[in-house]
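Colleague: Provide a 3D model corresponding to the input given below.
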Amino acid sequence: MRVTGLKDTVATLRKMDNETQKRLRKDMRAGIAATAREIANTVDSTPPLSGMGPNTRRGGNPVNGVTRWTGVPKAGVQFRTGGGKSRRILSMKFTGAQGGLGLIYAELAGSSRRPGRQFTKVYERNGIPGFQHAVRGQGAAFNEGIRKKTGINKRGGFFLYDAAIKRAGSIERQGRDSVNKYMKDANAAIRKARFGF
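Modeller: As a prediction, the model looks like this:
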């Protein structure tokens, strides 16, 4: 969404009353937060592939803790005024819990166009650092496994990305409604400060 005048309105509010600007900003984010949480909840709490589940032999840290699946991610909504290089007004952000990189890997499996790496990153084993091993086809097999599990076979990420695309129309309407409410309330606050009504 491209919104004209939003940046100037926020700047004026900040000069007049910083608390009013913060409150309106918070209200605007809240309009999208419910949808973000709904998208986050589409992620199954169980791992999509068996190799991403707990491994008691390694103390619950499969593949040295890299691919642990933590289920439902944390959802956040960010609001910007459209200034600077980015023209984005609203954005959603999803993060896995600590050690939840498995979610990120699985999500990006649907969007990766780069060739697989030849060697893994250096990791620690039994408290000893400096281990590394060759990657021989795991990347392609992993991507194919995720595709079969999700039934999604198109460009873009799996899980969160697909859930967001399916709600794109609703998200855009909510964003526009939030921006319009923000501008209406902000203009009322500016008018009251300047003219007393």
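
Colleague: which strands and helices sit next to the strand or helix carrying Arg173?
Modeller: Element membership of Arg173 [criterion: DSSP states H and E] is helix 168-195. Counting contacts by 3 or more CB pairs under 8 Å, 6 or more residues apart in numbering; DSSP states H and E, helix 168-195 packs against helix 6-16, helix 18-40, strand 90-95. For glycine as for every other residue, the C-beta is placed from the backbone atoms N, C-alpha and C.

Colleague: That one relative to helix 18-40, how many degrees between them?
Modeller: 170 degrees (axes from the mean of the first three to the mean of the last three CA atoms, to 10 degrees).

Colleague: For helix 168-195, the averaged confidence score.
Modeller: Across helix 168-195, pLDDT averages out at 82.

Colleague: That one vs helix 6-16, what angle?
Modeller: Using the same axes, to 10 degrees, helix 168-195 lies at 40 degrees relative to helix 6-16.

Colleague: Return the set of buried residues in helix 168-195.
Modeller: By 16 or more other CB atoms under 10 Å, the buried positions in helix 168-195 come out as Ile171, Gln174, Gly175, Ser178, Val179, Tyr182, Met183, Asp185, Ala186, Ala189, Ile190.

Colleague: Now the two most distant members of those residues.
Modeller: Maximum pairwise distance among those (CB to CB): 28.3 Å, between Ile171 and Ile190.

Colleague: follow-up on the earlier one: mean pLDDT lowest for which of the helices and strands packed on helix 168-195?
Modeller: Here the lowest mean pLDDT among those goes to helix 6-16, at a mean of 71.

Colleague: What is that helix packed up against?
Modeller: If contacts are counted by 3+ CB pairs under 8 Å, 6+ apart, helix 6-16 sits against helix 18-40, helix 168-195.

Colleague: Give the buried residues for it.
Modeller: For helix 6-16, burial by neighbour count (16+ other CB under 10 Å) applies to Leu6, Thr9, Val10, Thr12, Leu13.

Colleague: Adding distance to Ile146, write these out as TSV.
Modeller: Shown next, in TSV, are these (distance: CB to CB, whole Å):
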residue	distance to Ile146
Leu6	39
Thr9	44
Val10	41
Thr12	48
Leu13	45
